[in-house]
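Undergrad: Prediction below, plus the sequence it came from.
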Amino acid sequence: MSAATQRPLDRLPRIAEALMAQATAGTGAPGPGSLRVVRLRHKPGRGLTAVLRPRVGPEVRLRLDETGASIETGTADAGLPGLAAASAPAPGSELWNALETVARRRLADPGARLARAGAAVVRHKPGARCVLRYDLTVTPGRGGAPVAVGVFGKLFADPARAVEADALLRSLHDEQLAGGRVVVPPPLGVVESLGLA
């Protein structure tokens, strides 16, 4: 197909490859190779996001909006500034402390200590939200073997949405608890600085 007869969608991988080649020029970093479009999202006023998958390596997000074009990989997402921190809980951080509190509640052990916290992206809507699964290893306060605890968090571009989601889940859970049949688990709280509920 000639460049004149290509559909705009067919040109997205070439645009992304060219931008990545320019970004990695002189760094010695390998390019992504050929890319294929796996997801495309357009929001009026917010631009276009194309998720592209290389043969090897992480997915690449090409963002086009009124300010220009950008390429993001991994946990880089300009629309979700808290994603990198939410994906890598560091000991002593606000997120680490919140996860430790959640583990203590889940285990009904106020002396439990968070020993390890890993995060995996479950679903990511670039620039809008991301669901993460946290795999925690907890040392019981009473001693004994470490315990595995799994929890989910949802990261929002707007931290106010995290607060709203937590309040809604709390309301639903409390209503069901009062009725004697609980389907919605208790919400785990909010890390407002990240927009994580």
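TA: Arrived safely, thanks for sending.

Undergrad: Quick one: find the helix or strand in this structure with the lowest mean pLDDT.
TA: Using mean pLDDT, DSSP states H and E, helix 8-24 stands out as the lowest-scoring helix or strand of the chain, at a mean of 64.

Undergrad: who are the neighbours in contact with the residue nearest to Pro91 when sequence neighbours are not counted?
TA: Once flanking residues are discounted, Pro91 sits nearest to Leu114: 8.0 Å by C-beta to C-beta, 6 or more residues apart in numbering. For glycine as for every other residue, the C-beta is placed from the backbone atoms N, C-alpha and C. Residues near Leu114 by C-beta atoms under 8 Å, 6 or more residues apart in numbering: 91, 96, 99-100, 103, 136-139.

Undergrad: quick revisit: so in that sheet, which strands flank the next helix or strand after the least confident helix or strand of the chain, and in what orientation?
TA: Counting by DSSP states H and E, the next helix or strand C-terminal to helix 8-24 is strand 35-43. Note on strand 35-43: by DSSP bridges, its sheet partners are strand 47-54 (antiparallel).

Undergrad: Tell me what angle the longest strand seen in the chain forms with strand 47-54.
TA: If you go by DSSP state E, the chain has its longest strand at strand 113-125. With axes from the mean of the first three to the mean of the last three C-alpha atoms, to 10 degrees applied, the angle from strand 113-125 to strand 47-54 works out at 110 degrees.

Undergrad: Could you give me the buried positions within strand 113-125?
TA: Residues 114, 117, 119, 121, 124-125 are the ones in strand 113-125 that count as buried (16 or more other C-beta atoms under 10 Å).

Undergrad: cool, and stretch 134-143?
TA: Residues of stretch 134-143 classed as buried: 134, 136, 138-139 (neighbour count, 16+ other C-beta under 10 Å).

Undergrad: just these now: which is nearest Pro44?
TA: Taking C-beta to C-beta as the measure, Pro44 lies nearest Tyr134 of the buried residues of stretch 134-143, at 34.0 Å.
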